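next input, structure requested:
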Amino acid sequence: MQWRNNTQRYGALSIALHWGMLLLLAAVYACMELKGIFPRGSDAREAMKTWHFMLGLSVLALVLLRLALFISSPVPRIVPEPPRLQTWVAMLMKIALYAFMLLTPLAGWLVLSAKGSAIPFFGLQLPALMAENADAADWIKEIHETVATAGYFLIGAHALAALYHHYLVRDNTLQRILPQR
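Got it, this is the predicted structure:
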């Protein structure tokens, strides 16, 4: 398998980043959801929050890598070529997904910064992006949570579109990003 994209398929690097991002996002959401089963102030709840922060910041790092790869690599063609409206909607979805993967972790980093909290990242302490400001922390947290909730719908719609293309349209949309056997 080739490492770089070509006009027929995504390369191994794009495929690994795509599916790795899915696993990473699942872990971020799992930490967020599982946090609630532990009592406030407990070590387990604090661990879930810390992992949520670190994995969320990992999403930011990976999406920057994915954007660089997207800009520098060809996008494999869909065969047969979809109608123009479908291509336009797919581009809007891609923009929405990338905005979600950028804005959500950035907003999380800003929330921690505005709260004056430590920003852990696998043994490192990242710098604050803004000065402590409780009012800003509250409204940025609202944005973070709203975009994160929208993420469920974006990811679901993306998956449904891939399955629609694979099973109903029967084009190569999904096959281009699946690992080769």
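
now the spatially most central residue of the chain: closest residue in space that isn't a chain neighbour?
With distances taken as Cα atoms, centre = their mean, Met101 lies nearest the centre of the chain, 3.8 Å away. Once flanking residues are discounted, Met101 sits nearest to Val63: 4.0 Å by Cβ to Cβ, 6 or more residues apart in numbering. No exception for glycine: its C-beta is placed from N, CA and C like everyone else's.

to which secondary structure element is that neighbour assigned?
helix 43-72 (DSSP states H and E).

now do that helix: which elements does it pack against?
With contacts defined as 3 or more Cβ pairs under 8 Å, 6 or more residues apart in numbering; DSSP states H and E, the packing partners of helix 43-72 are helix 12-35, helix 84-115, strand 120-121.

wait, which of the ones you listed is closest to Gly151?
Nearest of the helices and strands packed on helix 43-72 to Gly151, taken as Cβ to Cβ: helix 84-115 at 4.9 Å.

mind listing what's buried in the closest one?
Buried positions in helix 84-115, judged by neighbour count with 16 or more other Cβ atoms under 10 Å: 90, 96-97, 100-115.

which residues does stretch 168-179 contact?
Stretch 168-179 is contacted from outside by 1, 8-10, 12, 14-15, 18-19, 76, 78-80, 82, 161-163, 165-166, using Cβ atoms under 8 Å, 6 or more residues apart in numbering.

ends of that stretch, what's the gap?
Stretch 168-179 has an end-to-end distance of 21 Å (criterion: Cα to Cα, to the nearest Å).

quick one: secondary structure of Tyr10?
coil (DSSP: H, G, I helix; E, B strand; the rest coil).

what's around it, how many residues?
25 (other Cβ atoms under 10 Å).

and what of Trp3?
Number of residues near Trp3 (other Cβ under 10 Å) recorded here: 10.

tell me which element Arg176 falls in.
Counting by DSSP H and E, there is no helix or strand that carries Arg176.

I'd like to know how many residues surround the residue nearest to it when sequence neighbours are not counted.
Among residues not flanking Arg176 along the chain, Pro76 sits closest, at 4.6 Å (Cβ to Cβ, 6+ apart). When neighbours are defined as other Cβ under 10 Å, Pro76 has 19 of them.

quick check, Cys31 in contact with Ser58.
No. Judged on Cβ atoms under 8 Å, Cys31 makes no contact with Ser58 at a distance of 11.6 Å.

got any ranges where this protein has weak pLDDT?
Regions of the chain meeting the criterion pLDDT under 70 are absent.
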